[in-house]
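No sequence on hand, only this structure:
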């Protein structure tokens, strides 16, 4: 106990440190972990006490030895987001074709709730986790990926080593939206971004902004590129104040490529209610191709991410990981532009 | 093995039949169930084998002895239904104020998927289950309520003995919608119902139909009451064929009280796209007051069920059951009519 402790996070507990702490062999800890036959009550209690004290979580490999629960955890940032609901439906359809069931936790855009749910999923010995638009940062996700097979959706981290990512190709999607504007003769095209509360580098909206800037540069319109911001919000409810500020800009752009239908639908609504002709005076495109966009009374041009395909591919990658793949995989699903009357 | 087996379901396994099968005392089975100190490996294995063979699930009371997992299961019929998402948000907010977490399973309107998920939740030793618009029938739900604390939402079964129900007062809601029509001078008011694939007696739509019929009778309009049906469907995507049949009726009613915004929004959309003046030629009200209804471009009058309150009350009832209440409770949350421009 006279060892000097270096400040910083404690070293991660391993099967070896658990064995040392309990004063037993690594083989004995392993037997307890897989619930092997012939483990005495005394040994089990000693090992479980050390596991609790050290906060040890068995590695993916050790977990595999204990057999499967045939359950996959899905962590969803927000249950009211219609695009994410379609992703989860796609994942569920794919899982139903296998033996797996999904149990979903809702993170409410808060990383501490998210972390608590992920810990529960690990404690319940789920076989893998799908993280849909997670708020946790890269290092946290890498640490989770060490403990359990993980695939993220709508989280851009192409250098992630311990988990897979599946994304819509958000840069391409934004370029398609800009191209749609160019084809209808627009040049004064702005991008409507939002105030993101998490890590902007991994956010889908950032990728779309980059795609917009690249498309403007390609068209020789870099000097006219503008990024406007509106305040947060996660549903299509009207939020008139923020949109009025956009609509009242003295140099209001002629066209707006909006990062998501969540903002494009109420913006379109507000513009029309104020008597602004869409698309005559203001062209608008959205992103997500939500069912509301497709209602002819709304008629919002939008980018379709193919959510069912995203959910299905993420489950395929997760099942591969559960089967033992360790090398990371980073997939992009191609998006498509759906032109309607709003641009 | 010479016993004559009477056909029919096998008698439910109890702690006593498990003890007989394992050849041990009831007290010994109970010790294994609560993970008590000093249980030998041999005894535990014998009892667990009998439990598996007989399909025994410990009763709620026996489960309580083993301590809590602080997890509540939520079974949701459909993740893409915006009203149900708001109910789950309300439930989650209430749970976050307690020590509990929620894990959600999606039943996809199929009772066999639903049953599999409920079994997983019981196997995971969740402390209780919220069933949101379940497809399972009354006897099945009573059997589940014997094994684990259960509260249903959007399932009308006022004589349920082993679980609680929390509902919007759907009869009152439909009467409010009819009253809204009467106040604007309409008399030729029909109710738009849908083809329900489950038990109509427990469905919210049936209660709304009854409320409509009662309100028409009160207004002396029983002879003009009409119930029209449209084909299923669980989101607001346009389904023009079914709606065209309604709109093309030779004696099309002057006003339609639609059982849900899921049908009222695309019906309103289709009517306007066909040049039918809403409300001038056709008045429409919906039910659920979804965010889309509130968009001024849609402007659908609707009944608000207060989904956040429903979710919160259901969690309160579930926590009471987890704390030991056994007498059934059947609550109704009062709805409110939200008039807009569509009626």
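Everything's here; your move. Predicted, not measured: the structure shown is a model, and the values here were computed from it.

quick one: the strands in the stretch 201-343 of chain A?
All strands of the stretch 201-343 of chain A, identified by DSSP state E, counting those that start in this stretch, fall at A:226-230, A:255-258, A:283-285, A:302-304, A:330-333, A:336-338.

helices or strands next to the last one in the packing?
The helices and strands touching strand A:336-338, judged by 3 or more Cβ pairs under 8 Å, 6 or more residues apart in numbering or on different chains; DSSP states H and E, are helix A:170-183, strand A:302-304. (Each C-beta comes from the backbone N, C-alpha and C, glycine too.)

show me where pLDDT drops low in chain A?
Residues of chain A meeting the criterion pLDDT under 70: A:1-12, A:34-37, A:57-66, A:196-198, A:232-239.

what residue is smack in the middle of it?
Geometric centre of chain A, nearest residue: residue A:133, 1.9 Å, by Cα atoms, centre = their mean.

Tell me who's in contact with that one.
Contacts for residue A:133 (Cβ atoms under 8 Å, 6 or more residues apart in numbering or on different chains) come out as A:76-78, A:84, A:153-155, A:204.

between these, which has the most around it?
In terms of neighbours by other Cβ atoms under 10 Å in any protein chain shown, the contacts of residue A:133 top out with residue A:153 at 30 neighbours.

Near the residue nearest to it when sequence neighbours are not counted, how many residues? Count them for me, please.
With sequence-adjacent residues excluded and distances taken as Cβ to Cβ, 6 or more residues apart in numbering or on different chains, residue A:153 is closest to residue A:132, at 4.7 Å. Counted by other Cβ under 10 Å, the residues lying close to residue A:132 total 26.

Is residue A:132 in contact with residue A:77, as I believe?
Yes. If you go by Cβ atoms under 8 Å, residue A:132 and residue A:77 touch, sitting 6.4 Å apart.

Find residues that contact each of those two.
Common neighbours of residue A:132 and residue A:77 (criterion: Cβ under 8 Å, 6+ apart): residue A:84.

Need the three-state assignment for residue A:104.
For residue A:104, the assignment made with DSSP: H, G, I helix; E, B strand; the rest coil gives strand.

Please verify my assumption that it contacts residue B:92.
No. In this structure residue A:104 lies outside contact range of residue B:92 using Cβ under 8 Å: 11.2 Å.

shared neighbours of those two, anything?
Here residue A:104 and residue B:92 have residue A:79 as joint contacts, going by Cβ under 8 Å, 6+ apart.

hang on, residue A:192 is in a helix, isn't it?
No. Per three-state DSSP, residue A:192 lies outside any helix segment and is strand.

ok so, going back, for the strands of the stretch 201-343 of chain A, which one ends up most surrounded?
Highest mean neighbour count of the strands of the stretch 201-343 of chain A: strand A:255-258, a mean of 28 (counted as mean count of other Cβ atoms under 10 Å in any protein chain shown).

Next, the residues that contact it from outside, please.
Applying Cβ under 8 Å, 6+ apart, the external contacts of strand A:255-258 come out as A:174, A:177-178, A:181, A:186, A:188-192, A:212, A:228, A:246, A:264, A:267, A:282-287, A:343.

Same question for stretch A:182-197.
A:109, A:174, A:178, A:181, A:203, A:205-206, A:208-209, A:212-213, A:216, A:219, A:221, A:224-233, A:246, A:253-260, A:263-264, A:267, A:279, A:283, A:343.
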